[in-house]
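In: sequence-free structure coming up:
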């Protein structure tokens, strides 16, 4: 089954040129769908503005869905957090807050 990373016709991985061409075509279509009716609204009849708004709303919806999908993919690929015993090193623990003879002073990591 072909995916976004493979060419539908050949089944081979897509080249950067194919990916860039697809990006340009989609964005030119989106821009034309918004600017075409907007120009008609400005020159012919204001009701064409509704078509421009509808296309813009669809574009926004598509972009929001795409970003959410990409975020889910990134979250799934993220590494799990390291165990608590591996989070700190000796250098990091030197500046942590410690109690000094019940006075509640901070240990700055400097010897006295």
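Out: In hand now; what should we look at? Fair warning: this is a prediction, and the values are worked out from it, not measured in the lab.
In: from here on, contacts and neighbour counts on C-alpha atoms
Out: Will do.
In: Do me a favour and get the backbone dihedrals for the residue nearest to the spatial centre of the chain.
Out: Nearest to the mean C-alpha position of the chain, counting by CA atoms, centre = their mean, stands residue 67 at 5.2 Å. Backbone torsions for residue 67, taken as degrees, to the nearest 10, come to phi -60, psi -40.
In: repeat for residue 6
Out: phi -120, psi 150.
In: coming back round to it: compute the distance between the residue nearest to the centre of the chain and residue 28, please.
Out: Residue 67 sits 20 Å away from residue 28, taking CA to CA, to the nearest Å as the criterion.
In: Which pLDDT value belongs to residue 50?
Out: The confidence metric pLDDT takes the value 93 at residue 50.
In: What helix or strand is it located in?
Out: helix 48-77 (DSSP states H and E).
In: helices or strands up against that helix?
Out: Counting contacts by 3 or more CA pairs under 8 Å, 6 or more residues apart in numbering; DSSP states H and E, helix 48-77 is packed against helix 16-43.
In: Helix or strand with the lowest mean pLDDT in this structure?
Out: helix 90-93 (a mean of 54; mean pLDDT, DSSP states H and E).
In: For the helix holding residue 50, list every residue counted as buried.
Out: 48-49, 51-53, 55-56, 59 (16 or more other CA atoms under 10 Å).
In: so for stretch 14-23, what's the average pLDDT?
Out: Rounded mean pLDDT across stretch 14-23 is 87.
In: And the contacts of it?
Out: Identification of contacts with stretch 14-23 by CA atoms under 8 Å, 6 or more residues apart in numbering yields 5-7.
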